[in-house]
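A.B. asks: model the following, please.
(2 chains)
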Amino acid sequence: MNFRTPNGGRIDRRHLITFCFDGKTYQGCRGDTLASALLANGIHLVGRSFKYHRPRGILSAGAEEPNALVTVSRDAARITPNLRATQVELYRSLTAFSQNRWPSLQFDFGRINDLVSPFFPAGFYYKTFMWPRTAWKSWYEPLIRRAAGLGRAPTLPDPDRYAHRYAHCDLLIVGGGPAGIAAAMTAAEAGARVILCDEQAELGGSLLSSPELSIDGKKVPTWLDGSLAKLAASPDVTLLPRTTAFGYFPHNMVGLNQRLSDHLEIPPDHLPRERLWQVRARNVVIAAGAVERPLVFPGNDKPGVMLAGAAHTYLHRYGVRVGSSAVIVTADDAAYQTALDLQAAGIKVAAVADVRGASDAPLPAAARSSGIKVLHDATVLCTRGNKHIGGVTLAAVQNNVVKERNDFDCDVLLMSGGYTPSVHLFSQSRGKLQWSDALKAFVPGSSAEAERSAGACRGIYGLEEALADGAGAAAQALQLNRAPPRFEVDAPERRHGSHLGALPHAGSSSEKSFVDWQHDVTTRDLELATLEGFHSIEHVKRYTTTGMATDQGKSSNLNAMAIVALELGKPVQEVGLTTFRMPYTPVTFGSFAGVSRKDLFDPVRLTPSHAWAEGRGALFENVALWKRAHYFPREAETQHAAVARECRAVRQSVGIFDASTLGKIEVAGPDAVEFMNRLYVNNWTSLSVGRTRYGILLREDGFIYDDGVVARLGKERFHVTTTTGGAPRVLAMMEDYRQTEWPQLKVWLTSTTEQWAVIAVQGPNARRVLEPLITGLDIGADAFPHMSVAPAKICGRPMLLFRVSFTGELGFEINVPADHGLEIWEAVYAAGGAYGITPYGTEAMHVLRAEKGYIIVGQETDGTATPDDAGLSWAVGKNKTDFVGLRSLQRASMRDANRKQLVGLKPKNGRTVLDEGAQIAERAAQRPPMQLIGHVTSSYGESTVGFPIALAMVSGGRARMGQTLYVPMPQGDIEVEVTSPVFYDPQGARINA
Amino acid sequence: MLLIPCPYCGERPEIEFTHGGEAHLIRPAPPAAVDEETWSQFLYMRTNLKGAYAERWRHARGCGKFFNALRDTTTDHFIAIYKAGEPKPA
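C.D. replies: As a prediction, this is how the structure comes out:
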């Protein structure tokens, strides 16, 4: 570690850590980040840029890092790409790799992109890859996919555990720098519940690299330790380091991502890897600090070109010299302190080039008196060096004339364009930004939430001012009566300044001037965008991709905005910024998912017969959140064979089917009939107690929304069934009308879907199977005709028995309280043994109902079918004056003869199974674009009628009976005959047995 | 995640509610008397404004009741909460 200082810094020099980067091992110290450890070993080259594959070095010391993106690998399943090396905490055996280079970082073939870069300006892909069209699939797309992106995603599932936590507090403070700590101290003193979070491993922010300053007579490190210890000891204060506030949500909800174990060599078993906090704060103080602004000049992206503040941090916090010979270009006084500190640490400082005019401020004077050359009105003309910076050419600019060119050797070039307050979270909270000409930056203006900003994030840069600002913000937020604590800081006067946009005469060199390092966006790209007519910053951003990388433009947005403003001749604040969106820095998917994975992703709803069906080898399908038995294969049966067998068994003898998932709603009260009449299309007044009827529910636009059998259990009591998927929707719609449209009706609604198990017994032998089990009811053909309902007992258990059929055979549906569901299922199954009773699943159910022309809402209908379209006009009550959807049915277009109508289709060759969804044409052998008149909604090869059947919605279908139509399929046009949708027993003799 | 003040249950998180669309829509009745323009307006046209928007919420995972709210669409702050059937506050 030849670039480590002999002492100083907050690292633990006694604990050496061996780590691995790109296959080579190095040593660092406990407390290092990967970036500081690499720099301590003299390593700057850490990556290749996104588009041009230019060699890149570490630019910063924080979250804004655009270049040092690495992949950290723990094991085959724990690989994380695109981590900023400046935020990766070093641990023993850490294994990291650089990205976006092949075959190696030192020698990357991708560099060829840089050499042919005139062909790859911003937006080049909008103008290329168009010819020949056939090349797209075989050449362009595979090539682009391989070249695109940054880093490689892991291919194994994430094995780590993530937790969610919810918290409430009086004051949430985002940022643990001086302003944040002062705010926390003020709030804690007043007894408030405080949460203070900071993205870094240690709280302190800028205080962590200011050991030379004093607060209230104590050196900063001592003051910091003492203050944090006091806060930690307070029971109402929660300190959260390694916790990033990534998003600000309405009503003062802030999302925090807490990282618990990524910094440890061996994560302990009892900890989740990360915790997502959802904090609802009565008040928020944002003390997020400011990000140093880079300078835009030719050749500003070479390894060794860094932010001046980063060099300062590496020296004071990590004990690392970033080079041996430095040149500094700055617009702010802070860099002079850095110059003095670097010189004291043994780095030769050849010059400090100030882009501002001459000044009598103390820090520039101090620099001069220690032998450092100070230049004014300076600019950078170009840099030298290939894989590392070797030198820089400075000049002075006066009245737009370049004078006094000065060439300097250096192995590190530090730049400071001033600071950009971090207004990300403030903007997410929908506060309004305002432009400050003095700071050349946007600062928080009016708030939209109970929130205020403090310190550098609102342009308060001095240490004493930041402390006071933080304390004041907490006092205001909590409306404290007494004055907030005051802090006295001993520090030399600093004159803050900033530069916006490219340095003057940056166009005089052929080298690229980078604005957005991570996306390789140069000044020429921004100029090209405005030249091509993109004048809105939203367009410029998307066309050039500036600010769209994982750093979200933290160090590039303002410079980009300034360059665009110059091109458009507009004031900078008129060009504006694009929208700030969460997350502030990337958050793992695991953190958002928490425990909602695999079995816990969605609730699973099982029917009473589920275990029984599983034991019989049933295969299941998902219907909404339910598992329904799809079919029951025997031995080595294919699905087709099993379904065909199940259908035959029902038609020839008897089958048993679980229908528990269908929705059930009790509609009860003196106005139950009136309510049902207003809601469903049917006339319910004429439905007697003990009878059932097929009901249809429309939306106000007249289209079928749901259907189901409705039973009248009493004068004021209806049992309404719905489709499985529609149950919640139907109940919600009923409540909506009941509460807000007809609140004067006396009617109440209760969901009973899960309270009743429903066992369907269907087939010519159904009555023979059930009669011995039922007491209290005569279920003979005349006593209990089709569409009856009555209470009784089955095996001694209370039952509501329906005589209904979705199969077209004699059928019953046994409703018993769900707790008895399995018991009754098994009893019926046992009783049916003599008749070869066959369990059947949803697939057979679909086939059997299709043979009878019964629709399934969502299969035959798609939200645009009226009752008449589906052949169900008979269900609509005559002489009704109002029901939901009635007015829409009266529209002329809803009665047009050419509307798509339900028909059956029979393949003329008697054997082709049509594809569901296949389109239908009047004429054969058409070329695209074909004229199409409908589509196949259901199609089954397992039908019992001797040929595959299909249902379809066809324009003017009912007038086409017997017509020949064509269904284009991959193998060619299939000839079909239009038939009635009822293929089986149209007279209904079987169902009325 | 909005914090929604249900008039029956107090402040509860947004996840317990379903949004009921625009408030104060008048369902024209009896249908026979309604012209196409009015019916079409009722079916399809909704206000889309920047500012105080009157909407319905239903506390679906709570008391199950509908109520009305005036919400500022630029800040998502609730300006007023009032029960179903009550008129929009001035």
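A.B. asks: and the helices in chain B?
C.D. replies: Ranges of helices in chain B, per DSSP state H, are B:36-44.
A.B. asks: for chain A, what's the nearest residue on it?
C.D. replies: B:Pro31 (3.5 Å; CB to the nearest CB). Where C-beta positions appear, they are placed from N, C-alpha and C, glycine not excepted.
A.B. asks: which ones are touching that residue?
C.D. replies: A:Thr881, A:Asp882, A:Leu886, A:Arg887, A:Gln890, B:Trp39 (CB atoms under 8 Å, 6 or more residues apart in numbering or on different chains).
A.B. asks: quick one: which of those residues is most hemmed in?
C.D. replies: Ranked by neighbour count (other CB atoms under 10 Å in any protein chain shown), the contacts of B:Pro31 have A:Arg887 at the top, with 25 neighbours.
A.B. asks: so what's that residue scoring on pLDDT?
C.D. replies: At A:Arg887, the model reports a pLDDT of 95.
A.B. asks: residue in chain A nearest to chain B?
C.D. replies: Closest point on chain A to chain B, by CB to the nearest CB, is A:Arg887, at 3.5 Å.
A.B. asks: helix or strand: which one has that residue?
C.D. replies: helix A:886-889 (DSSP states H and E).
A.B. asks: what's that helix packed up against?
C.D. replies: For helix A:886-889, the packing partners by 3 or more CB pairs under 8 Å, 6 or more residues apart in numbering or on different chains; DSSP states H and E come out as helix B:36-44.
A.B. asks: tell me the buried residues in the helix it packs on?
C.D. replies: B:Trp39 (16 or more other CB atoms under 10 Å in any protein chain shown).
A.B. asks: stretch A:482-490 now?
C.D. replies: By 16+ other CB under 10 Å, the buried positions in stretch A:482-490 come out as A:Pro484, A:Pro485, A:Phe487, A:Val489.
A.B. asks: A:Arg321 reaches A:Pro6, doesn't it?
C.D. replies: No - contact between A:Arg321 and A:Pro6 fails when scored by CB atoms under 8 Å: they sit 10.6 Å apart.
A.B. asks: same for the helix or strand of chain B with the lowest mean pLDDT, what does it pack against?
C.D. replies: In chain B, the helix or strand scored least confidently by mean pLDDT, DSSP states H and E is helix B:36-44, which has a mean of 94. On a contact count with 3+ CB pairs under 8 Å, 6+ apart, helix B:36-44 meets helix A:886-889.
A.B. asks: neighbouring strands for the next helix or strand after the helix it packs on, and are they parallel or not?
C.D. replies: Counting by DSSP H and E, the next helix or strand C-terminal to helix A:886-889 is strand A:900-907. Using DSSP bridges, strand A:900-907 pairs in its sheet with strand A:949-955 (antiparallel), strand A:972-979 (antiparallel).
A.B. asks: please identify the most buried of those.
C.D. replies: Ranked by mean neighbour count, the strands paired with strand A:900-907 are led by strand A:949-955 with a mean of 26 (mean count of other CB atoms under 10 Å in any protein chain shown).
A.B. asks: how about the helices in the stretch 501-650 of chain A?
C.D. replies: For the stretch 501-650 of chain A, the helices defined by DSSP state H, counting those that start in this stretch cover A:523-531, A:537-544, A:557-568, A:572-575, A:589-593, A:610-615, A:639-652.
A.B. asks: so which of those is the most packed in?
C.D. replies: Of the helices of the stretch 501-650 of chain A, helix A:557-568 is the most buried (mean count of other CB under 10 Å), at a mean of 23.
A.B. asks: return the distance of it from the chain's centre.
C.D. replies: The chain centre lies 31 Å from the centre of helix A:557-568; the measure is CA atoms, centre = their mean, to the nearest Å.
A.B. asks: same for that helix, what does it pack against?
C.D. replies: For helix A:557-568, the helices and strands in contact under the criterion 3+ CB pairs under 8 Å, 6+ apart are strand A:514-516, helix A:523-531, helix A:537-544, helix A:572-575.
A.B. asks: for the ones you listed, which one sits closest to A:Ala441?
C.D. replies: helix A:572-575 (9.8 Å; CB to CB).
A.B. asks: pull the CA atoms of the closest one into CSV?
C.D. replies: Taking C-alpha atoms only, helix A:572-575 is exported to CSV below (Å, rounded to 0.1, in the frame of the first residue of the first chain):
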residue,chain,number,x,y,z
VAL,A,572,-30.5,28.2,-17.1
GLN,A,573,-33.6,28.0,-14.8
GLU,A,574,-35.9,28.2,-17.8
VAL,A,575,-34.4,25.0,-19.2
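A.B. asks: and the average pLDDT for that helix is what?
C.D. replies: Per-residue scores along helix A:572-575 average to 92.
A.B. asks: elements contacting it?
C.D. replies: If you count contacts as 3+ CB pairs under 8 Å, 6+ apart, helix A:572-575 packs onto helix A:557-568.
A.B. asks: and the helix it packs on with helix A:537-544, angle?
C.D. replies: If you take axes from the mean of the first three to the mean of the last three CA atoms, to 10 degrees, helix A:557-568 sits at 100 degrees to helix A:537-544.
A.B. asks: what sits against A:Leu94?
C.D. replies: A:Ile17, A:Phe19, A:Cys20, A:Leu34, A:Val72, A:Val88, A:Glu265.
A.B. asks: what residues does chain B have near chain A?
C.D. replies: Counting by CB under 8 Å from any CB of the partner chain, chain B comes close to chain A at B:1-3, B:18, B:20, B:27-32, B:34, B:36, B:39, B:42-43, B:56, B:58, B:60, B:64-66, B:74-77, B:84-85.
A.B. asks: list buried residues within those.
C.D. replies: Buried among the residues of chain B next to chain A by 16+ other CB under 10 Å: B:2-3, B:18, B:20, B:27, B:31, B:34, B:39, B:56, B:58, B:60, B:65-66, B:75-77, B:84.
A.B. asks: near chain B, which of the buried residues of stretch A:482-490 show up?
C.D. replies: Residues of the buried residues of stretch A:482-490 in contact with chain B (CB under 8 Å from any CB): none.
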